[in-house]
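In: When you get a sec, could you give me coordinates for this:
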Amino acid sequence: MKVFKFGGASVDSVSRIRRLPAILNNYDSEKLLIVISAMGKTTNALEKVAEAFYSRDLPKALEQFGNIKQEHLEIAETLGASDNSRLLQRMGDVFTEVEWLLHDRPTRAFNYYYDQIVCIGELLSTTIISHYLQTSGISNQWVDVRDIFATDDQFQDANINWEITSTRLRDQILPLFGKTKIVLTQGFIGSTGANESTTLGREGSDYSAAIFANLLDAESLTIWKDVEGVMNADPKAFPDAIYIRELGYEEVIEMAFYGAQVIHPKTIKPLQNKNIPLHVKCFLDPDLPGTLIHSKHITNLPPIIVLKQNQVLIHLSSRDFSFVGEEGTARLYNMLSEFHIQANLLQTGAVILQVCTDNIPVKIEKLAHEASELFDVQVENGLTLLTIRHYQKELLEKLIRGRKIVLQQWSLDTVQTLML
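Out: This is a model prediction of the structure:
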């Protein structure tokens, strides 16, 4: 059995969706578990709906959601589904999930409403694509992954309950392969014990696919993207980015940790635990070899460049110039954990701690308020974090030329530069 994952860019238009049958026909002798993301920028659009709803701007929320509905209905119609009552009923049920919520008033935290609204992007895309594949002669069974993935109630960043999920997968997914070779489901989402929708973190569909691969003891996981394979830099920012044919698990984990967008940070560990190879293949040209990610350590890699925009640097200084010490550092780590903040760069000194993180205003405000009980706090905005693994001095100098360096850290393999 193989697991496939198609990202939003692979299904962001009718023309791209129509490429799916040709790809899948190349694997017609295989059993496939297919995970599909929301189409294109649907998740971004649904986030705006959630924000408008939480701000109690009902007209704006309904208008934005109406646009999303119309776009998906038009795609379904173009793919030949306008006269299929079962498909339209299923899409209508998904629309109703959100419309019912939008006419209520928010009484819980934003994260909860975010998950109830944003989750429908994947439900809509998979509903439409499942029907299209059926009409194209590719039999498949659609599954609502919320019936399979059990999570806690850490909304917007939920944690999988592996034991319950494994049992559900064994009882509900495996029997389906006795009737069909393709099971099609969603990434990114799950549900609590109270049947409330959850999401696994932004770009969590890769992670969903890895969970399936792990629990199914899959032969491999293939992530289909609109690029040749893994590149050493974002080709949108670096047109001369280099394609990398082969990578080790540990290298990809490092790349993801530092912010490379090609693979979700949580994806690799479930694969590494069972030595399941990961292929990153080009959706636009399936004959290209793509990138193989596995347990082998790969040497002589090119410099790998990661740029993270919209960073903040939080300065935490002891009020009386006494040493920060173990207690201050421990308090900082506890606060980062409490507010679910990832430190992209952290530097300690005698009387100051400095933390670079993504600029998420709500989280930054909470951290600054909590930390002000112990430290003098200053927040510096508008920064860019450059990370280069396997760096070369000449390349570093070129990329930071003309920029003001705010903070810099070096190790044998990696240099990180925070700059204006």
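In: which regions of the stretch 201-350 of the chain lie under the pLDDT threshold?
Out: Per-residue confidence of the stretch 201-350 of the chain (counting by pLDDT under 70) places the weak regions at 320-325.
In: got the residue ranges for the helices in it?
Out: Using DSSP state H, counting those that start in this stretch, the helices found in the stretch 201-350 of the chain span residues 205-216, 249-257, 268-273, 325-338.
In: got the angle for the first one vs helix 249-257?
Out: When axes from the mean of the first three to the mean of the last three CA atoms, to 10 degrees is applied, the directions of helix 205-216 and helix 249-257 differ by 150 degrees.
In: if we can go back for a sec, can you redo the helices of the stretch 201-350 of the chain as CSV, where the extra columns are mean neighbour count?
Out: Where C-beta positions appear, they are placed from N, C-alpha and C, glycine not excepted. Shown next, in CSV, are the helices of the stretch 201-350 of the chain (neighbours: other CB atoms under 10 Å):
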stretch, mean neighbour count
helix 205-216, 26
helix 249-257, 19
helix 268-273, 19
helix 325-338, 14
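In: Show me the beta-bridge partners of residue 409.
Out: Beta-bridge partners of residue 409, counted by DSSP bridges, are residue 416.
In: Residue 111: which of the helices of the stretch 201-350 of the chain is closest?
Out: Residue 111 sits nearest to helix 325-338 of all the helices of the stretch 201-350 of the chain, at 14.4 Å, using CB to CB.
In: With distance to residue 16 as new columns, can the helices of the stretch 201-350 of the chain be given to me in a markdown table?
Out: Listed next are the helices of the stretch 201-350 of the chain as a markdown table, based on distance: least, CB to CB, whole Å:
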| stretch | distance to residue 16 |
| --- | --- |
| helix 205-216 | 16 |
| helix 249-257 | 25 |
| helix 268-273 | 26 |
| helix 325-338 | 39 |
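In: among the ones you listed, which is nearest residue 79?
Out: Using CB to CB as the criterion, the shortest distance between residue 79 and the helices of the stretch 201-350 of the chain is 21.1 Å, found for helix 205-216.
In: tell me what the closest one is packed against?
Out: If you count contacts as 3 or more CB pairs under 8 Å, 6 or more residues apart in numbering; DSSP states H and E, helix 205-216 packs onto strand 2-6, strand 32-36, helix 162-168, strand 220-225, helix 268-273.
In: sorry, back to before: list just the one of the helices of the stretch 201-350 of the chain that sits closest to residue 309.
Out: The stretch from these with the least distance to residue 309 (CB to CB) is helix 249-257; that distance is 17.2 Å.
In: just checking, what packs against that closest one?
Out: The contact analysis (3+ CB pairs under 8 Å, 6+ apart) places helix 249-257 against helix 268-273, strand 291-294, strand 304-318, strand 375-389.
In: For that helix, give me every contacting residue.
Out: Contacts of helix 249-257 from elsewhere in the structure, counted by CB atoms under 8 Å, 6 or more residues apart in numbering, are 230, 262-265, 267-269, 271-272, 278, 293-295, 297-298, 301, 304, 306, 389, 414.
In: From the residues you listed, list just the buried residues.
Out: 230, 262-265, 267-268, 271-272, 278, 293-294, 301, 304, 306, 389, 414 (16 or more other CB atoms under 10 Å).
In: I'd like the distance between residue 41 and residue 123.
Out: For residue 41, the distance to residue 123 under the criterion CB to CB, to the nearest Å works out to 17 Å.
In: do the same with residue 335
Out: Residue 335 sits at a distance of 36 Å from residue 123 (criterion: CB to CB).
In: Over to residue 336?
Out: For residue 336, the distance to residue 123 under the criterion CB to CB works out to 33 Å.
In: cool, and residue 201?
Out: Between residue 201 and residue 123 the distance, using CB to CB, works out to 18 Å.
In: what sits against the residue nearest the centre of the chain?
Out: When CA atoms, centre = their mean is applied to the chain, the residue found nearest the centroid is residue 203 (1.3 Å). Shown here is residue 203, whose contacts under the criterion CB under 8 Å, 6+ apart are 188, 261, 264.
In: Could you find the closest non-adjacent residue to the second one?
Out: By that I understand residue 261. When the adjacent residues along the chain are set aside, residue 261 lies closest to residue 234, with 6.8 Å between them (CB to CB, 6 or more residues apart in numbering).
In: pretty sure the one you found contacts residue 240?
Out: No. Using CB atoms under 8 Å, residue 234 and residue 240 do not qualify as a contacting pair, with a distance of 11.6 Å.
In: The helices and strands packed on helix 205-216 into TSV, with extra columns for distance to residue 419?
Out: Conversion of the helices and strands packed on helix 205-216 to TSV gives the following (distance: least, CB to CB, whole Å):
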stretch	distance to residue 419
strand 2-6	34
strand 32-36	37
helix 162-168	40
strand 220-225	29
helix 268-273	29
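In: pLDDT weak spots in the stretch 51-200 of the chain?
Out: The low-confidence ranges in the stretch 51-200 of the chain, as defined by pLDDT under 70, are 82.
In: now the strands for it?
Out: Listed from the start of the chain, the stretch 51-200 of the chain has strands (DSSP state E, counting those that start in this stretch) covering 141-142, 182-186, 189-191, 197-199.
In: In a markdown table: the ones you listed, plus mean neighbour count and distance to residue 16.
Out: Formatted as a markdown table, the strands of the stretch 51-200 of the chain follow (neighbours: other CB atoms under 10 Å; distance: least, CB to CB, whole Å):
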| stretch | mean neighbour count | distance to residue 16 |
| --- | --- | --- |
| strand 141-142 | 17 | 19 |
| strand 182-186 | 25 | 16 |
| strand 189-191 | 25 | 22 |
| strand 197-199 | 25 | 24 |
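In: Please name whichever of these is nearest to residue 111.
Out: Of all the strands of the stretch 51-200 of the chain, strand 197-199 sits nearest to residue 111, with 9.1 Å by CB to CB.
In: Give the pairing partners of that closest one; include direction for each.
Out: The partner list of strand 197-199 in its sheet, established with DSSP bridges, is strand 189-191 (antiparallel).
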